[in-house]
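In: just the structure for this:
(chains A, B and C)
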Amino acid sequence: MGRLLTVTGLTTEFRTERGIVSAVKNVSYHLDEGEILGLVGESGCGKSVSQLSLMQLIPTPPGKIVAGEAVFMGADLLKYEKNSKEMSQIRGKNISMIFQEPMTSLNPSMTIAKQMSEMVLMHEKVTKKEAIERSADMLSQVGIPDAAKRLEDYPYQLSGGMRQRVMVGIAMICNPKMIIADEATTALDATIQAQLLELLYEIVGRYHTALVMVTHNLGIVARYANRINVMYAGHIVETGTVKEIWANPLHPYTEGLIHCVPKLGERLLPIKGMPPSLIGRPPTCPFLSRCQYRQKSCFEENVADLTYVDGGTHATACNVRLKEAGQ
Amino acid sequence: MEETKNVGQAGEFEVLEEALLPPVNEFKRFIRVFFRRKVVIIGFALVVLVIFVAIFADLISPYDPYEQDLHNVMAAPNGAHLLGTDALGRDLLSRIMYGTRIALIVGVLTVLISAVIGVAIGLVAGFAQSKVQTVIMRLTDALIAIPSLILQLLLANLLKSFIGGMGSVVVALGLTMFPGYIRMVNAQVLTLKQNDYVLAGRAMGDKKRRIVLRHILPNAVSPLIVMMTMMMGASIMAEAGLSFLGLGIAPPAAAWGQMCREGYQYLMTRPLLSIAPGFAIMILVFSYNMVGDGLRDALDPRLRGSLD
Amino acid sequence: MISYIIRRLLYAVLIVILVSVTVFTLIRLLPGDPIEILVSQDIMQDAARDPEYYARLRSEYGLDKPIPIQFINWFFKMLRGDFGKSIIRKFDILGEMKSRIVVTLSLGIVSFIISNVVGILLGILSAIRRGKIVDTVVTVIANIGVTAPTFWIAILLIYFIGFKLKLLPLYGYTLPWKDFGTSVRQSIMPVFVMALGPISMTCRQARSSILEVLNQDHVRTAWSKGLTERKVIFRHVLKNGLMPVVTLQGTMIAMIFGGSAIVETIFVIPGMGKMMVDGMLSQDYPVVQVVTLMLTFVVVLANLLVDLMYGWIDPRIQYE
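Out: Numbering: from 1, shown residues only, chains lettered A, B, ... in the order given. Coordinates of the predicted model:
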C-alpha cells in the first residue's frame, strides 16, 4: 500500500469577536491508498475543520490555514490558491467529500441528474449523455431502486437516507483516490445509518478508495476503520490501529471515549467536565482539567508532540504515558 | 476489567475549572457593533442633529418660517437669508428647520399607528387556526400588491374633512403602511412557535397569552425595532410624495414636500427653493435607514460573535 | 402546476373585486357631492338651483340608489365596456384611458425591465466582490436610490440635465412608434427616475440573498465537487439566490405604477398617473374611480405573471 496523503503541522484558526480560536493545532497524520481511517472526537474538537482545511473549503474570513502542509500524491495541497484550477482538479476528482446534513447538502433547485452529471462533465471528457448514463449506473450502485427515474427528481422528493446515498454516489462517481465522510451518517436513523455505513464500506472496498470517517462515535469507527486518530481540542492526542487503541488506549481521553461506547450490561461512564475553550489556551495538555491521571508535572510541561511508542504504529500525546513508556 | 476498576476508583477526582472567558457585556457589544460602520455613525449623528433642530427651532432659526416679507421675495442666497427667500418672502432656511418638526412627527406617528395595527393582526394570524391565518396572509399579500400611493391619495383626501392639517396624512399613511409588519410578525411567531423553549412552555401548560408575552414578543422586538426605524424613512418619503402632488399637507405648513411643490414652479430661476427641501428629505430618510442598518447588525442574533 | 395556476388566477380576480369595492366605497365617502360640483360648473345657475333638475341629474348618474346597487351597476357597466364620463371635463373615460394606458404601460414596462437587469447585475457584482470597491460604490448608489424621493431626483435631472446642460427635453412624451428618436430622448429621464428605486431595492435584495446562499451547505458541496468559481456562482448560487428577488418584483411593479402618478405629473406625461392626480385635484370622481381601478388591475396582472414565473422557477411549487 502506497502512501496517499501526509499532513504535517496543520494549524487552522478562526478570528472571532472574543479572540482567535485555534480550531486545529499542529495536526500531523497520514493516509495510505485504500485505507480506512477513523477521525474521532467530541463536536467542536476540530475534526471537521481539519478535513475542510485539506480541501481548502474553510470560509475565509473568518477562518485561515496558518501553517502546515498536506502532501497528496506528491503535491502540497495547501500551496494551491483556494479556488485555483489545481485545487478544483483535486476536489471531486481525487478527493471528494460527503457532508453531515443530508437535508441541505444538495442543491434544492436542481435535479439529481444534473447534480451528479455536472461532476463527471467537469472532470472527464464525456458527452452529456454518457455523463447521465454514468449517473444512473452510480445511483443503482448506491442502492437506489429505479435509478433512471430517480435521476429526474429534485432533492426534496427524496428521504434523508436516499439523499445521503445520492451524496455517496456523487462522491464516488469520478472514482476518487480518497473520500472524506464528515459525520456522513450522524443525522440519520440508526437503521438507515447502519445501511449507509455498510454501503460506504462496501463501495470503497470495491474501488480501493481511501476513506476518512469523521465521527464522534468510536463504536462506528472501531467496526470499519483500519486505524484511528483521536482528536481533542484541536490536537490529535492518540493514533493507532483499531486493535491497539481498543485494547490499550494510551491517552486518558481515549480511555474515556471507550467507556462512552455502549456495551451490553455495562454502565456508561461519561467523561467529567467540559472541553476547554479554544481561545488563548496555555501550551499545556488540553485534557488537563478533566484528566484523572494528571500529575504535578502536567501543569508545568507543554503538551507533548504525538510520539510513537516502541517505534510502532501507536502514538500518544500524553506526557505521563510517554514517560511510563520510557520515551 | 482492570480499566473499569481504575475509572471507578478515580470517580472521586476533581474536575478543574477551566479559566473562563470574561462574560461579554451585552450593552458594550451592542454599542460597538452598532457604531462599527462609518455610515451608521453619520446617520446616527444626523438623526440626533435633526431632533435637536426640531426641539430648538424657535431659538436657532433665523426667521419666523411663516412671516412674509413681500418686499423681499425670491431673494437669492445672501448674508441675511442664507438660502434665500421664497415667493412670499419667507426665509427658506427657517422653513427647512421648522420642517424637521413635521417630518419627525409624521414619521413617528405613522410608524406607531401602522406598527400597532400590523403587530396586532400579525399576532392574531400567527396564533389563529390555519384557515384564518391563510385568509389574513392572503389579504396582506393583496394589500402589498396594491400601489400604496393610490390608497394613500384616496384616504388622505377622504380624511381631510374629518381631521385637519397633518392628521389626515398621518392617519392615511398609518392605515396603508402596516402590511409589512403583519408579514414580519407572523413569520416570527411561526418560527418561534417551533422553538423548543416555546414548546416546553406549552408542555408545561402555559397559557397562550403568557406564551405571547413571555416568549414571542421579546424575541420579535429586535426585528420590529429595525423595521420601525426603516419605516420612519419610508413614511416621510410617502408624505413628501403626497404633499408634492398637492394632496398631502396643505400650505402654508412648512412641510418639506409641500415646499418642493411650491418651489418647483420657480425651478429655472431659484432652483434652491425645491432642491434644498428635497435634499433635507433625502438626508433624514438616509439617516433613518443607516440607523436601521446599524440596529439590525447589532441586534441580529445570527451575527453575534462574528467578526467581519 | 395547473392547480397552482388556477389558484393564482382566482386569487387575482378576488383582489380585483376587493380593490374595486374598496376604491368605490372610499370615493363615495369622499367629501364633496359630485353633483354639486357638476352643478356649480353649470352655466345656467338658475336651473341648477331647481331641486328637480338636481334630482334628475342624480338619477342620470345613478347616484340615487343605495351604494351596493350603485357599485354593482358600475361594475357591470364596466364589464360591458361603459366606463362612464368625466364630470368636470365631460370626456369619455374609456376613450381617454385607451391612449393614456399605452403611455403608462410603455414607460412602466421599460422601467421594470431596466430595473431588473441593472438591479440584478449590480446585486450579483457587489455580492461576489463583497468588501471591494465595486461593492462599496454599488452600496452607496443603492442607498441613495432608496432614500431620495423620486420627485427630487426628477427635479435635479430637469434642472441640471434638461435646463442647464440642455441635453434632454424637459418634459413631454411621444410614443416610440410615432417618433422613435424623440420618444427615447423624452423617456430617458422619466424612466431613470421610475427605475431608480426598484433598481436599488432589487440590487440590495439580490446582494443579501446571494450572500446568504453563498454560505449554504449545498454551495459548499458544489465547491467540494471541484467546480470552477464561475460554475459554482452561475449554477448553484444565482438561481437559488435570485428567488427572493423574483418575489420582490410584485412590490416593485406596484412601486413603478404607483410612482407613475408623481413621475407623469412632473414630466407632464399624458398617462394614467397624471390622469389620476388631475382627477383627484379637480374632484372628478368617476375618473379617479376608474383610473385607480385600472392601475391596480395592471399591477395585479403583473403580480400574477410574477407568481406564475416563480412557480416555473421553483421546482417545489410545481410539486405542490
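In: CA only for contacts and neighbour counts going forward, please
Out: Fine.
In: helix/strand/coil for A:Leu4?
Out: strand (DSSP: H, G, I helix; E, B strand; the rest coil).
In: kindly report the same for the one 4 residues further on.
Out: Following three-state DSSP, we place A:Thr8 in the strand state.
In: what residue is smack in the middle of the chain?
Out: Picked chain A for this. Geometric centre of chain A, nearest residue: A:Val214, 3.2 Å, by Cα atoms, centre = their mean.
In: that's the wrong chain, I meant chain B
Out: Taking Cα atoms, centre = their mean, the centroid of chain B lies closest to B:Thr229, which sits 2.2 Å from it.
In: per-residue confidence at residue 271?
Out: You didn't say which chain, so I picked chain A. Listed pLDDT for A:Ile271 reads 79.
In: right idea, wrong chain: chain B
Out: Here the pLDDT value assigned to B:Pro271 is 92.
In: against chain A, how distant is it?
Out: Counting by Cα to the nearest Cα, to the nearest Å, the gap from B:Pro271 to chain A is 48 Å.
In: near the residue of chain A found nearest chain B, how many other residues are there?
Out: Closest to chain B within chain A is A:Ser289: 4.6 Å, counting by Cα to the nearest Cα. Number of residues near A:Ser289 (other Cα atoms under 10 Å in any protein chain shown) recorded here: 20.
In: over to the one 5 residues further on?
Out: The number of residues packed near A:Arg294 is 17, by other Cα under 10 Å.
In: does it touch A:Pro286 like I think?
Out: No: counting by Cα atoms under 8 Å, A:Pro286 is not a contact partner of A:Arg294; they are 11.4 Å apart.
In: one step back: mind checking the SS state of the residue nearest to the centre of chain A?
Out: Secondary structure assignment for A:Val214 (three-state DSSP): strand.
In: who touches it in this structure?
Out: By Cα atoms under 8 Å, 6 or more residues apart in numbering or on different chains, the residues touching A:Val214 are A:38-40, A:47-48, A:180-184.
In: give me the beta-bridge partners of it?
Out: Taking DSSP bridges as the rule, A:Val214 bridges to A:Leu39, A:Asp182.
In: quickly note the distance from the spatially closest residue to A:Ala222 that is not a sequence neighbour to A:Ser43.
Out: Sequence neighbours aside, A:Val242 is the residue nearest to A:Ala222 in space, at 5.9 Å (criterion: Cα to Cα, 6 or more residues apart in numbering or on different chains). Using Cα to Cα, to the nearest Å, we find A:Val242 at a distance of 21 Å from A:Ser43.
In: neighbour count: the two, which is higher?
Out: Legend: neighbour count by other Cα under 10 Å for A:Val242 and A:Ser43, higher for A:Val242 (23 against 13).
In: can you map out the helices along the stretch 51-200 of chain C?
Out: Along the stretch 51-200 of chain C, counting by DSSP state H, counting those that start in this stretch, helices occupy C:51-60, C:67-79, C:93-128, C:133-147, C:150-157, C:180-214.
In: which among the ones you listed is found nearest to C:Leu30?
Out: Among those, the nearest to C:Leu30 by Cα to Cα is helix C:67-79 (13.2 Å).
In: correct me, but A:Lys272 touches A:Gln292?
Out: No: look at A:Lys272 against A:Gln292 with Cα under 8 Å: they stay out of range, at 9.5 Å.
In: neighbour-wise, which of the two wins?
Out: A:Gln292 (22 against 16).
In: what's A:Met178 sitting at in phi/psi?
Out: Dihedral pair for A:Met178: phi -150, psi 140, per degrees, to the nearest 10.
In: bridging residues for it?
Out: Judged by DSSP bridges, the bridge partners of A:Met178 are A:Ile95, A:Ala210.
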